[in-house]
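Novice: Curious how this folds, go ahead:
(one chain, ligands or ions: 1)
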Amino acid sequence: MILVVGGGPAGSLSAINLGKENEVLLVEEHQSPGFPVQCAGLISDKCFESYKKYCRMEKALENKIEGALFFSPSGDFFCAPGRAYVIERKILDEMLFQKASEFAEVLIKSKLKFKGRKAVIDGKEIPAEYIIGADGLNSEVVKAYNFERPNFTTAVQIETRFEAIDQSFVEIYLGKAYSEFFAYAIPLGDTARIGVIAKENAMNFLRNLLEKHPSVSKRIKGSIIELNSGMIPLKLVDFVKGNVALIGDSAGMVKPHTGGGLYYLLIAVEKLAENFPNLKAYRDSFLKELGREIKLGKIIRRVYELKDEELNAIVRSLKDFDFSNVHMDRPSTFLSPSVLFRIIKTCIKNPDLFRIALKIISKTSNR
Ligand SMILES: Cc1cc2nc3c(=O)[nH]c(=O)nc-3n(C[C@H](O)[C@H](O)[C@H](O)COP(=O)(O)OP(=O)(O)OC[C@H]3O[C@@H](n4cnc5c(N)ncnc54)[C@H](O)[C@@H]3O)c2cc1C
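Specialist: Okay, the predicted model is just below:
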């Protein structure tokens with residue numbers, strides 16, 4: 001029997017895919033998966049299409065997105081077109097969990113613990129041949145089997161009335177006063193999900209964004225309707241030991257440059273199912289597919305460490321940049337010959353951008 005711990009997307013999708021040919025038990029500690037909501041719900045067009053294989057994504061759809069506006073600390077912005085969708089995570093998680101119950105035995109309100117390495121629910125031992133730890137960043141599987149826990153950052157998110165520049169564009173805010181990573185607004189009609197990502201003092205960054213940001217502060221139209229917070233892993237860790245494997249946030253499987261986890265975990269699940277019961281092959285094929293993307297995503301993440309004046313210069317330089325053939329899930333698309341050529345051309349026109357690019361490259365080679 002395969003024990004899948006955690007009924008979030010990674011756990012439900014694992015149960016669906018493994019349950020077709022194996023006996024699977026899926027355990028979820030909460031009454032309902034996807035609660036409390038800890039997600040902005042932004043996924044790429046490719047990710048949305050891929051999830052359609054498992055559930056009716058239209059039911060979870062909240063908004064269609066045509067691109068992102070990247071704001072400099074001074075309030076200037078550039079536009080990067082790119083199709084994406086905003087979804088309601090609670091609905092997605094419920095649909096996936098429901099689907100998982102067609103392929104696996106499922107237990108809700110059942111927190112899995114370990115006594116040594118024995119899996120236990122309510123004091124009763126659960127014998128399992130394989131264990132899949134899909135139990136997020138506070139994983140019990142990680143603790144019981146001495147996996148490394150990914151280091152992480154915090155995200156605080158509110159929903160509030162907000163006047164978006166354009167309903168079809170998410171807004172990304174850069175700058176030391178507003179986050180240690182980036183801050184965002186995801187339009188949902190009259191309201192928006194507005195969030196900041198920071199290792200510490202995320203609430204202070206959020207207050208700064210709402211009250212002092214040159215553009216955001218003028219467009220907040222009401223008080224907070226909903227507040228939630230969560231953790232985002234910052235590092236992919238080794239995720240296979242013997243007959244135990246991690247998947248999703250427990251393993252740090254997120255895009256390093258955005259913190260989004262829904263696409264990479266889906267790829268992981270499909271690699272797990274293709275290679276099961278060979279868990280080492282699961283690890284190798286995940287790394288073959290996404291290892292380079294994760295490395296490049298980490299390099300992009302260095303942009304968030306830059307000084308405000310450097311971020312202002314980047315935004316200025318990219319105002320006319322042609323983003324076609326760049327995909328948010330695949331940083332390697334920046335290295336395709338046509339995009340690389342456009343980057344070089346833009347760097348030649350903007351010596352500041354060239355200097356910043358060199359700084360990021362030299363920091364990368366020194367680490
Ligand atoms: C504020 C915020 C915004 C985000 N926005 C986006 C976004 O826009 N797009 C995107 O792609 N990603 C986003 N993410 C990341 C995304 O939410 C995660 O990557 C994703 O939820 C990971 O799924 P998972 O199944 O691995 O873990 P989780 O969703 O954390 O699910 C783990 C499940 O395991 C259960 N569990 C835990 N321990 C036990 C136990 N001992 N026994 C039984 N059950 C247990 C939990 O109850 C939970 O249901 C965001 C994250 C945060 C914090």
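Novice: who in the chain is up against the ligand?
Specialist: 5-11, 27-30, 33, 38-43, 111-112, 134-136, 140, 155, 157, 195, 230-232, 248-249, 254, 259-262, 265 (CB under 6 Å from any ligand atom). Where you see a C-beta, it was placed from the backbone N, CA and C, and this is true even at glycine.
Novice: Please read off the pLDDT at residue 38 from the model.
Specialist: pLDDT, residue 38: 86.
Novice: hmm, back to that, list buried residues within the residues of the chain next to the ligand.
Specialist: 5-11, 27-30, 33, 38-43, 112, 134-136, 140, 155, 157, 195, 230-232, 248-249, 254, 259-262, 265 (16 or more other CB atoms under 10 Å).
Novice: Show me which residues of stretch 260-279 are buried.
Specialist: Result for stretch 260-279 [16+ other CB under 10 Å]: buried residues 260-273, 275-276, 279.
Novice: Share the number of residues neighbouring the closest residue to residue 209 other than its chain neighbours, please.
Specialist: Excluding its sequence neighbours, the residue lying closest to residue 209 (CB to CB, 6 or more residues apart in numbering) is residue 178, at 4.5 Å. Residues lying near residue 178 (other CB atoms under 10 Å) number 24.
Novice: Contacts only, for residue 178.
Specialist: 73, 196, 205, 208, 209, 213 (CB atoms under 8 Å, 6 or more residues apart in numbering).
Novice: Mind checking what secondary structure it has?
Specialist: Here residue 178 is recorded as coil under DSSP: H, G, I helix; E, B strand; the rest coil.
Novice: what residue ranges in the chain score low on pLDDT?
Specialist: 365-367 (pLDDT under 70).
Novice: and the longest strand for it?
Specialist: Ranked by residue count, the top strand of the chain under DSSP state E comes out as strand 220-233.
Novice: Need the nearest residue in space to whichever residue of the stretch 251-367 of the chain sits closest to the ligand, chain neighbours excluded.
Specialist: When scored by CB to the nearest ligand atom, the stretch 251-367 of the chain has residue 261 as its residue closest to the ligand, at 1.9 Å. Nearest non-adjacent residue to residue 261, counting by CB to CB, 6+ apart: residue 254, 4.1 Å away.
Novice: cool, and residue 116?
Specialist: residue 144 (7.6 Å).
Novice: Next step: the residues of the chain next to the ligand restricted to strands.
Specialist: In this view, the residues of the chain next to the ligand that belong to strands under DSSP E are 5, 27, 42, 43, 155, 157, 195, 230, 231, 232.
Novice: now for the helix or strand where residue 67 lies, which elements pack on it?
Specialist: Counting by DSSP states H and E, the element that carries residue 67 is strand 61-71. Under the contact criterion of 3 or more CB pairs under 8 Å, 6 or more residues apart in numbering; DSSP states H and E, strand 61-71 touches strand 77-87, strand 169-173, strand 183-188.
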